[in-house]
Each structure stands twice: as C-alpha cells, then as structure tokens.
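K.L.:
quick one: sequence plus predicted model below, questions after.
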Amino acid sequence: MIGQLLRSDFLKIRRKGFWLLTVIGPLGVVFMQTVNYGVRKDYLLKQSDDNWSYYLSNVNMFTPLALVLGIVILTSLMASVENETNAWKQLIALPVSKMTVYLSKFTVLAALLLVASLLLMLFTLGYGYYLDLGTDIPYIDVVKFSFYPYIAALPVLAIHLWIALVSKNQGVPVTTGVIGVILTYMSYNLPDWLIWKWPALMNGWVEPLTIVWLGIGFGVLLYLAGMLDFVRRDVT
C-alpha cells in the first residue's frame, strides 16, 4: 500500500513546481559562486593554498539557507496539495492507515531533497572543474558538503512537515518557516543544540559527523512525534 501512496503523491506533485524547486535550489547555490568567482577569481584563488577546500567552504556558506528555505516551501506545498482540493477526507477514507499517509508525505519530500543534494554535488564538481582549481580533487569532501547538510536537516524537515500537515491555518507553517529561515541565517550565533544550526555543520564538537548522527536520531524522534500527532488529529 505504501508503494501505491508514493506513486499517488508523486503524481500529485507533478506540475506543482516541486521538481523545479528541487533543481533551482542547488543550481542557485552554485550560481552564487559563479558570480563570486566570476567577479574576483584572482583574489579568491590567493586566499588559500588549497583552492578546492576554499571553494567548497564558499559553496557551503549558502547550502544551509537554501536547504532550509527549500524545506519550508516544499512542506507548505505538500500540505496545500491536499488542502486546495479538499482531498484529506477522501484520502483518509481509503483503506490505508494515517501512519502510512504521513510516511508517504515524508518519504516524497526526503527523496526530493536527496535529489537536490545529488544535484548540488554534480553542480559543485562541474563548476570546480570549469574553474580549474587543480587536479587534487577532494571527492570525499565534495560528497560530505553535499549530503551532510541534508542528513543534518532531517529534524528540520520532520518538524516543518509536522506543523504544515496538522495546522488548520496555513499562516502557522508560513510563520514558523520564516522563523526557521531566519534562525538558519543567524546559525553562526546560535547554540549548538538548535536544529536549525545543524545544516551549517558548525558546532563545538569539531567533527561534523556528530551532527549527522544527531540529525538522524532527532529526525526519527520528531518524525515519530509528528506522525503520532497526525494520527490522533482530525485533519479532514
């Protein structure tokens, strides 16, 4: 049954802008560096002996904000797909559990963000090749900078989807989303325990992998909390 729900949800998001946003996000992050390096490439190449690492750090400056902004928009759109057509009542009336419905929504969004992370990796590598930053390409670091923020952002995805699906007033997820984006923008000054800081991979533990594991753990906890709350509510 989950397979049928996933197919149904992927069909629902066609022509809704989901896939366009999935491409625009990572493309926009790398495009910022095309402007940055296009204007002052010579200056930037003098800032470090390791051109690839310096380039990746510049890309990663914009990744968390784009990721959280994408989560906010996609979760709001996911809820609006059902709300606009008043389809919740028909969906819940089907012989499927509300847990499965919630899992399907989360899985679709997680898959879209995974694709966006993959595209970010490809775009980052592509523009790095174009800049001719050197032959010693840190492929492992490129993968980390592309996928670690995504995994670290799973709690953010879980909490924004929770709010979007259970809120009767769509102003609530919009307001929460704006606050989340602002917190991400200010992440450098935030305490390490705040989940909106985690996609920036900045912490007092030095090792970013710690945040990745925290992202998985708290992502699961917030997903379960959201799912249980969704199950007990009347969302029709």
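P.N.:
Here it is on my side, so go on. Numbering: from 1, shown residues only.
K.L.:
dump the residue contacts of the residue nearest to D9 when sequence neighbours are not counted.
P.N.:
Using CB to CB, 6 or more residues apart in numbering and skipping residues adjacent in sequence, the residue nearest D9 is V108, 4.8 Å away. Where C-beta positions appear, they are placed from N, C-alpha and C, glycine not excepted. When contacts are counted by CB atoms under 8 Å, 6 or more residues apart in numbering, V108 touches L6, D9, F10, I13, M78.
K.L.:
repeat that for W196.
P.N.:
V68, V156, G180, L183, T184, S187, L190.
K.L.:
any idea which of those is closest to G126?
P.N.:
Nearest to G126 out of the contacts of W196 is V68 (CB to CB; 24.0 Å).
K.L.:
low-confidence bits of this protein, can you list those?
P.N.:
In the prediction, the chain carries residues with pLDDT under 70 at positions 1, 83-94, 204-206, 235-236.
K.L.:
residue ranges of the helices in it, please?
P.N.:
Using DSSP state H, the helices assigned to the chain run over residues 2-12, 18-45, 51-85, 88-93, 98-131, 139-152, 154-166, 171-185, 208-232.
K.L.:
could I get these as TSV with distance to L201?
P.N.:
What follows is the helices of the chain, written out as TSV (distance: least, CB to CB, whole Å):
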stretch	distance to L201
helix 2-12	30
helix 18-45	14
helix 51-85	7
helix 88-93	37
helix 98-131	13
helix 139-152	6
helix 154-166	14
helix 171-185	12
helix 208-232	4
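K.L.:
closest one to K197 among those helices?
P.N.:
Put simply, out of those the one that sits nearest K197 is helix 171-185, at 7.5 Å, with distance taken as CB to CB.
K.L.:
I'd like to know which elements the closest one is packed against.
P.N.:
Using 3 or more CB pairs under 8 Å, 6 or more residues apart in numbering; DSSP states H and E, the elements in contact with helix 171-185 are helix 51-85, helix 154-166.
K.L.:
that helix vs helix 154-166, what angle?
P.N.:
Interaxial angle, helix 171-185 versus helix 154-166 (axes from the mean of the first three to the mean of the last three CA atoms, to 10 degrees): 160 degrees.
K.L.:
for helix 171-185, which positions count as buried?
P.N.:
Within helix 171-185, the residues scored as buried using 16 or more other CB atoms under 10 Å are P173, V174, T176, G177, G180, V181, L183, T184.
K.L.:
for Y148, state which of those residues is nearest.
P.N.:
Checking those against Y148 with CB to CB, the nearest one is T184 at 15.1 Å.
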